[in-house]
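A.B. asks: pasted the sequence and its predicted model underneath.
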Amino acid sequence: MTTTPLSADVLVIGWGLAGLVAASEALDAGRRVILVDQEPRTNLGGQAWWSFGGLFFIDSPEQRRMGIRDSLALATQDWFGTASFDRPEDHWPRRWAEAYLQFAAGEKRAWLRERGVTFFPVVGWAERGGYGALGPGNSVPRFHITWGTGPGVVAPFAAAVEQGEREGRITILPRHRVTELVTTDGAVTGVRGTILESSPALRGVESSRSAIGDFEISAGATIVSSGGIGGNHDLVRAAWPASLGVPPEHMLTGVPAYVDGSMHAVSDAAGARLVNGDRMWHYVEGITNWDPVWPSHGIRILPGPSSLWLDATGTRLPVPLFPGFDTLGTLAHLRRTGYDHSWFITSRQIVEKEFALSGSEQNPDLTGKDVGLLVKSRLAKGPTGPVQAFLDEGEDFIVENDLESLLEQMKRHPGGESLDIDRVRREVVARDLEMDNEFSKDAQIGMLRSMRGYRGDRLIRTAAPHRLQDPAAGPLVAVKLHVLTRKSLGGINTDLDGRALGADGEPIPGLYAAGEASGFGGGGMHGYRALEGTFLGGCLFSGRQAGRAAAR
């Protein structure tokens, strides 16, 4: 079966956040729009819907109320020290980084506020660095949690698109998988693809790929906003850089299966230049989801700074690879150990205060905008409900009342056979001895005490310093940690209008890219590392740029 060819002024491939923003911008410009995606309609909003909703702002009112002094100059120093751009193909990523920083320091917050997006008042401090002033990391807290998390970010753009659908200005086509960009006289003039059978799959659940027909759509402008490769472990391993060592044999998946990178090859076949494919962002604090939605579903612990971090042999990670300091540096270090997992040793008191879980579904208080539940779960004694569920049900958690029992259970746990139990014991005892007075040579303890000078950390993010074996701190907890796939930092090379560039560096007429498919702008505006809160922001900014340009 082949359907009657359709046509539009602007065609958007992929209905994640970048695609929704691009489509809404084209609608605002009065264009006729078609939006296609390979998934059932239940997945409108894509990967962003599942996110924690963190957004990066510079010198925001929330920062100022928390006593944080930020500036565009400081954020630029942090961004470029983190990105470490070093390739000729980084020309446009650099330009995108500069433009995005201006956006984050300027109209980004007001633009979102106009659409009803609001933010939790306490600003988080992600990617703290721990190196010199010119090294990677955020010098100040910049992680703003959206009130409503990922769904709260998606909502106004999904609403705009659905309003356009009711008015007949946009056609939304689920289960349409693009397999070819149609090129006419050097310009992209539309797409061809496969219609997939209807699927009852719930949001995030893997859906059928059985085809029932073909389709063709012509368009004046086509925007690729199809996401990255994090759901396809084969592609992740194929792109894995030598700088990060050997790719893991075992990984958890931090994104739904439909984040499969299928449009990368399609775009490449149409002449689009893909750059920086070996730059990627995966987490090392992944835990196996006890209640999975998609295959190999993992959740990331967003850790505070207190837990003792050991590799698979029981060796403590070096300075400054503490929880929450340097994601990519920690990943590179752990890949050199020859093992696919590592360990936190911590206390229940630390878990209660410092363990947050990434994902909208893991934060019902913030996602549901429930103030009562927020106060109860974040400020009252005890872990949040989702964290407690992992303590009770999670296969990667071990809880024991004393150190020797904990060590015995760790040794029996899958992967525990590699542990040097004597070394682990010495590390725990040595750390606890350093807690006996306010002085210490332990850099992690010094950092912890320093962080509590920021009232946001002291209020909801860091436990009061204590010995892990202090009975008052509750049972000891060990957590087995895995590599968790997440983001592609490279992608389709684009100019600042989101126009896809060919091998000669010139724009391909009619073809645009946005979101993770374009490395969040330019083919990789983060360079090698991200400052966090910048992935959703990159989708917002690149979707806006591409949507406006495609509508001109």
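C.D. replies: Yep, that arrived.
A.B. asks: which residue ranges form the helices in the stretch 51-200 of the chain?
C.D. replies: With helices called from DSSP state H, counting those that start in this stretch, the stretch 51-200 of the chain shows them at 61-65, 72-83, 91-105, 108-114, 149-166.
A.B. asks: so which of those helices gets nearest Pro509?
C.D. replies: In terms of CB to CB, the element of the helices of the stretch 51-200 of the chain nearest to Pro509 is helix 91-105, at 17.6 Å. In short, each C-beta sits where N, CA and C put it, glycine included.
A.B. asks: ok, and what's touching that closest one?
C.D. replies: 56-59, 72, 75-76, 79-80, 83, 85, 275-276, 493-496, 501, 519-527, 534, 537-538, 541-542 (CB atoms under 8 Å, 6 or more residues apart in numbering).
A.B. asks: now, which of those residues lie within strands?
C.D. replies: Counted as lying in strands by DSSP state E, out of the contacts of helix 91-105, are Phe56, Val275, Leu501.
A.B. asks: let me have those residues in JSON lines, adding distance to Ser243, neighbour count and pLDDT as columns.
C.D. replies: Formatted as JSON lines, these follow (distance: CB to CB, whole Å; neighbours: other CB atoms under 10 Å; pLDDT from 0 to 100):
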{"residue": "Phe56", "distance to Ser243": "25", "neighbour count": "25", "pLDDT": "98"}
{"residue": "Val275", "distance to Ser243": "16", "neighbour count": "24", "pLDDT": "98"}
{"residue": "Leu501", "distance to Ser243": "25", "neighbour count": "23", "pLDDT": "98"}
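A.B. asks: now, which of those residues sits nearest Ile301?
C.D. replies: Phe56 (20.6 Å).
A.B. asks: thought that closest one was touching Thr146?
C.D. replies: No - counting by CB atoms under 8 Å, Phe56 does not reach Thr146; the two are 11.7 Å apart.
A.B. asks: need the ones in strands among the contacts of helix 91-105 in a markdown table (columns: distance to Ser225).
C.D. replies: Output for these, formatted as a markdown table (distance: CB to CB, whole Å):
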| residue | distance to Ser225 |
| --- | --- |
| Phe56 | 20 |
| Val275 | 17 |
| Leu501 | 16 |
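A.B. asks: residues making contact with the lowest-mean-pLDDT helix or strand in the chain?
C.D. replies: Least confident helix or strand of the chain, by mean pLDDT, DSSP states H and E, is helix 371-379 with a mean of 82. Residues outside helix 371-379 that contact it (CB under 8 Å, 6+ apart) are Pro364, Asp365, Leu366, Thr384, Gly385, Ile460.
A.B. asks: which one of those residues is nearest to Val351?
C.D. replies: Nearest to Val351 among these is Thr384, at 9.9 Å by CB to CB.
A.B. asks: so who does that closest one touch?
C.D. replies: Thr384 makes contact with Ala356, Leu357, Asn363, Asp365, Ser377, Arg378 under the criterion CB under 8 Å, 6+ apart.
A.B. asks: next: Gln349.
C.D. replies: Contacts of Gln349 by CB under 8 Å, 6+ apart are Ala463, Ala464, His466, Ala472, Ala473, Gly474.
A.B. asks: elements contacting the helix or strand just after the least confident helix or strand of the chain?
C.D. replies: On the C-terminal side of helix 371-379, the closest following helix or strand by DSSP states H and E is helix 385-393. Helix 385-393 sits against helix 348-354, strand 356-357, strand 397-400, with contacts defined as 3 or more CB pairs under 8 Å, 6 or more residues apart in numbering; DSSP states H and E.
A.B. asks: quick check: closest non-adjacent residue to Gly491.
C.D. replies: Among residues not flanking Gly491 along the chain, Gly519 sits closest, at 3.7 Å (CB to CB, 6 or more residues apart in numbering).
A.B. asks: coming back round to it: could you pick out the buried ones from the contacts of Thr384?
C.D. replies: The neighbour count (16 or more other CB atoms under 10 Å) marks Ala356, Leu357, Asn363, Asp365, Ser377, Arg378 as buried among the contacts of Thr384.
A.B. asks: buried residues in the helix or strand where the fourth one lies, which are they?
C.D. replies: If I follow you right, that is Asp365. Here Asp365 sits within helix 364-367, counting by DSSP H and E. Buried residues in helix 364-367, defined by neighbour count with 16+ other CB under 10 Å: Pro364, Asp365, Leu366, Thr367.
A.B. asks: can you check the pLDDT for His436?
C.D. replies: Actually, residue 436 is Asp. It isn't His. pLDDT for Asp436: 87.
A.B. asks: for the residue lying closest to it once chain neighbours are set aside, what are its contacts?
C.D. replies: Distances taken as CB to CB, 6+ apart place Arg467 nearest to Asp436, at 7.9 Å, with adjacent residues excluded. Arg467 is in contact with Arg431, Asp432, Met435, Asp436, Ala473, counting by CB under 8 Å, 6+ apart.
A.B. asks: phi, psi for the second one please.
C.D. replies: Main-chain torsions, Asp432, degrees, to the nearest 10: phi -70, psi -40.
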